[in-house]
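[1] pasting the sequence and the predicted model now:
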Amino acid sequence: MSRPEANEPRRDPYQAVVITLLAAALLGTVGGIAGGLRLSDPVLLAVAVTMGLAAGVLSGVFLAQRRRIPSAKAAAAVAALSLSEPAQAFEEEMPAHASGDAGAESVRTPAVASALRKLGSQLSRVPDYLPASLVRWFRDCGTLGIVRRGTVVLGAIAIWMAAAHRVTNDRPNLVAAAVAAGLCLIAAGLCATVVHYLGGSDTSEFPESLALRRGARAVAWMFGWAAVSVALVWFDQRTALRVLFITVLGLDVAFCYGLFQANLPGESAATTFPLDIGVLSVLGGRTNILGSILDSAERQMGIDLRSTWALSVIRRSLEPLLLGLCLSAWLSTSLTVVGLEEQGLIERFGVPVRGQPMLAGIHLHWPWPVDKVFRIPVRRVQVLEVGHEGKEAPGPENVLWAVEHAPNEFTLLLGNGRDLITVDAGVQYRIRDAAAWRYHCQNPAEALSAIAYRAVMRNTVNLTLSDALSQNVAVLTGRMRAMIQADADALGLGVEILGFTVGGMHPPVAVARDYQAVISAEVQKVTAVVDAQVYRARILPAAEASAIEGENQARAEGAEALGKAAGEAWSFRTLEAQYHAAPALYLFRRRLETLEKGLNSRNFTILDNRIQRDGGELWIIP
C-alpha cells in the first residue's frame, strides 16, 4: 500500500453536488420572486421563500461537509499513525487547536477558519443596543448553529414579507403565464432527478442525503403547485389561489419551526447539519404524497393505518371517487348563474349562438369547452376614467390641482402650441346591447376611451389655457357627452352615455411650481398697475387744480400789471399836458412835490427870495 502524500487533503465526492444544488436554490429564489411580482402570483412568492430556506439549509450542509474533511496536516498525521509512528509525533504534528473541545476547529480549512474568526470578531463588536441574549444566541452556537438560526430568522422575515405583499388582480400575458408554468414543471422534474440521484448516494459519506432527498420531493410538489397557481391566475380563480398560497406559506412556517427545533447536542462541534424536520418526513417520505402522510401518521401513532378496514375501503374506492369528482367538476361547467344586472352570451365552439341573451337566473348548456358563457353587466353603470390611468389613492380626495391624483396623468396640447392642460374627467355609461358590445368591436372599452379622448381634444384644441380654464363646464360636458354618444353609435358599441363629468382642468402637475410662479408674477403685475392707477387718480386732480390755480393767478397778476401800466401811462400823458400848458408852474410844483416827498416827516423851513424884498433877516446861530 502506497503512502499518501502529506499535503493532499481528502476530498468529499458530494461537495460539488451540494454547490450545484445551492446555486439552483438561489436561482429558484430569484426566479420565484421575479415571477410572483410579474404575474401577480403569491404562490410563486411563497415558493421563492421555500427556495431561500433551501439555500440556507444547503449552505449549512456545505459547511458540515467542510468540517468532515481533515486538513492536510491532520491527514499526514493520521497516515503517519497508521504506519506505527509514535503517538507523540502525531500530537506534535496536530495543530494546537485540534485537541480537546475545539476538535471541530481542526477540520476547517485555513480560509474557512479565517472567515469564522472574522465573523466572531464582528459578533464581539455588536452594538450595545442589541439584546445580549440575542448576541449570545448566535455567538455561542457554533458555525452550523449560526447558519441554522440565521436561516430561521431570514425565513421568518421572508414569510412575513410574502404574507404582507399585496398582489394586483391584473391578468397576465398568456405567453408569460405559459413560460412560467413550463419553468415550474421543469424545476419539478429537476427535483425528481435530484431525488433519484440522492437515492444512490452513500449515507456514510453524505449523512444529509436522506433528508435532502425528502426535501427535494417536497420542493417538487411545491413547484407542481406553483404551475397550478399560474393557471389559476390566468383563469382569475383568486379564491383557490389564496387557499393554495396559504397552504404553501404554512408549510414554510412549519419548516422554519422544525428547523428551529432541530437542535443537536454539542452543536458547536457537530459535523452534520440537523435536518430531522417533521414537514420533510410528512411531504417527502415517499413519492406518493398520500402514502408519505400515512407513513408519518403511522410513525406518530404507532398504528398501521393501511390495515384498517375503513382505509382499505377508501383505497379501493379512491380511484372511482376521484374520477367521479372530476366528472362532476366537468359537468358543473354546464351550469351558469347570471346575475340580476347581467346578461349572458353563449359561444359554441367559438361561434356566437343566435337568439336572446340569457337573463338573470340559472341556465343549463353544454359543458366546457363546447360552450362558453360571457356575462355582460348591462344594468350596471360603469365609469371610464379620462385623463389618467390607474386608480386614485384611497381616502379623502386631495382637491389641490398641484398634487398628482393618479399614477399616470395625460397632458393635452392646446391650439396655440404653447399651452398644456391636464383633464380629470369620467364618462358614465351603461351597456345597452350586450351582443353589440361583445361582437361589434374587438376591444370596446379601449374604443370608448379613444372616443372620449377625441371628444376632449376637439373641444380644447382651439383654445388657450386661459380660455380652457374659463369655459362653462355645464355646456362643455353636455357637448362632449353628445359627441361621445354619436361616435359610439357610429361604431355600434351598444352603449348609452349617461354623463360626462369634469373633475378639473388644470396645467400639468409637473409644471405646477413654474405655473404658480408665472401666475404670481401676473398677479403682482396687475397689483402694480392698479396701485399706479390709484396713485394717478389721487395725484392728477391735485396737479390739475394747482395748474389751473397758477394760470388764473398769472392772468390776474397780468391784468393787474397791465392796468397799473395803463394808469401810469395816462398819468404821464396828463403830466405832459400840464407841462405844455404852464412849464414854469409845472416845474415849480414838481420841485415842491419832490421836496415834500424827500422831506416827509421832517421839520424844514422854506426860504424864498421874497424875504429880502420884504426886508426880512435870517440869523443862523450855531
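    Sure, I can see it.
[2] just for the stretch 1-150 of the chain, where's the confidence low?
    1-12, 70-142 (pLDDT under 70).
[3] now the helices for the stretch 101-250 of the chain?
    Applying DSSP state H, counting those that start in this stretch to the stretch 101-250 of the chain gives helices spanning 110-124, 132-139, 142-164, 174-199, 209-234, 238-261.
[4] pick the most deeply packed of those.
    helix 209-234 (a mean of 22; mean count of other CB atoms under 10 Å). In this view, the C-beta of every residue, glycine as well, is placed from N, C-alpha and C.
[5] so what does that helix touch, helix or strand wise?
    Helices and strands touching helix 209-234, as assessed by 3 or more CB pairs under 8 Å, 6 or more residues apart in numbering; DSSP states H and E, comprise helix 15-39, helix 42-68, helix 174-199, helix 238-261, helix 278-284.
[6] what's the angle from the fourth one to helix 15-39?
    Here helix 238-261 runs at 150 degrees with respect to helix 15-39, directions being taken by axes from the mean of the first three to the mean of the last three CA atoms, to 10 degrees.
[7] helix 238-261 packs against which elements?
    Helix 238-261 packs on helix 42-68, helix 142-164, helix 209-234, helix 278-284, going by 3+ CB pairs under 8 Å, 6+ apart.
[8] that helix - what's its average pLDDT?
    Helix 238-261 shows an average pLDDT of 85 in the prediction.
[9] tilt between it and helix 209-234?
    Using the same axes, to 10 degrees: helix 238-261 against helix 209-234 is 160 degrees.
[10] how close does Gly60 sit to Leu144?
    6 Å (CB to CB, to the nearest Å).
[11] hang on, I meant Arg213
    The gap separating Arg213 from Leu144 is 20 Å, by CB to CB.
[12] so which of the helices and strands packed on helix 238-261 is nearest Thr333?
    Nearest to Thr333 among the helices and strands packed on helix 238-261 is helix 209-234; the distance by CB to CB comes to 15.3 Å.
[13] so Pro13 sits in a helix?
    No: applying DSSP: H, G, I helix; E, B strand; the rest coil, one finds Pro13 to be coil, outside a helix.
[14] quick one, what contacts it?
    Neighbour list for Pro13: Glu205 [criterion: CB atoms under 8 Å, 6 or more residues apart in numbering].
[15] distance check, Val423 against Tyr453.
    Val423 is 9 Å from Tyr453, by CB to CB.
[16] who has more neighbours out of those two?
    Set side by side, Val423 and Tyr453 show more neighbours around Val423, with 23 against 17, by other CB atoms under 10 Å.
[17] Leu331 - how many residues pack around it?
    Other residues near Leu331 come to 11 when the count uses other CB under 10 Å.
[18] what kind of secondary structure is the nearest residue to it once chain neighbours are set aside in?
    Leaving out its chain neighbours, the residue that sits closest to Leu331 by CB to CB, 6 or more residues apart in numbering is Pro367, at 5.8 Å. Going by three-state DSSP, the secondary structure assigned to Pro367 is coil.
[19] picking that back up, any common contacting residues for Gly60 and Leu144?
    Shared contacts of Gly60 and Leu144, counting by CB under 8 Å, 6+ apart, come down to Phe273.
[20] residues in contact with Asp371?
    Asp371 neighbours (CB under 8 Å, 6+ apart): Ser334, Ile346, Glu347, Arg348, Val353, His365.
[21] who does it bridge with?
    Arg348 (DSSP bridges).
[22] neighbours of the residue lying closest to Tyr439 once chain neighbours are set aside, how many?
    Leaving aside its sequence neighbours, Tyr439 sits nearest to Pro352 (CB to CB, 6+ apart; 6.2 Å). Pro352: 13 surrounding residues under other CB under 10 Å.
[23] and the pLDDT at Pro352?
    According to the prediction, Pro352 has pLDDT 86.
[24] identify the residues contacting it.
    Leu345, Ile346, Ala435, Arg438, Tyr439.
[25] report how many residues lie close to the third one.
    In this case it means Ala435. The burial count for Ala435: 15, using other CB under 10 Å.
[26] verify the stated contact: it with Leu493.
    No: the pair Ala435 / Leu493 is not scored as a contact, 11.3 Å apart, by CB atoms under 8 Å.
[27] which stretches of the stretch 451-600 of the chain form strands?
    Ranges of strands within the stretch 451-600 of the chain are 495-506, based on DSSP state E, counting those that start in this stretch.
[28] what pLDDT does Arg555 get?
    89.
[29] same question for Asp202.
    76.
[30] tell me the contacts of it?
    Ser209.
[31] with the one 10 residues further on instead?
    The contact partners of Leu212, taken as CB under 8 Å, 6+ apart, are Leu21, Leu58, Val61, Val194, Leu198, Leu275.
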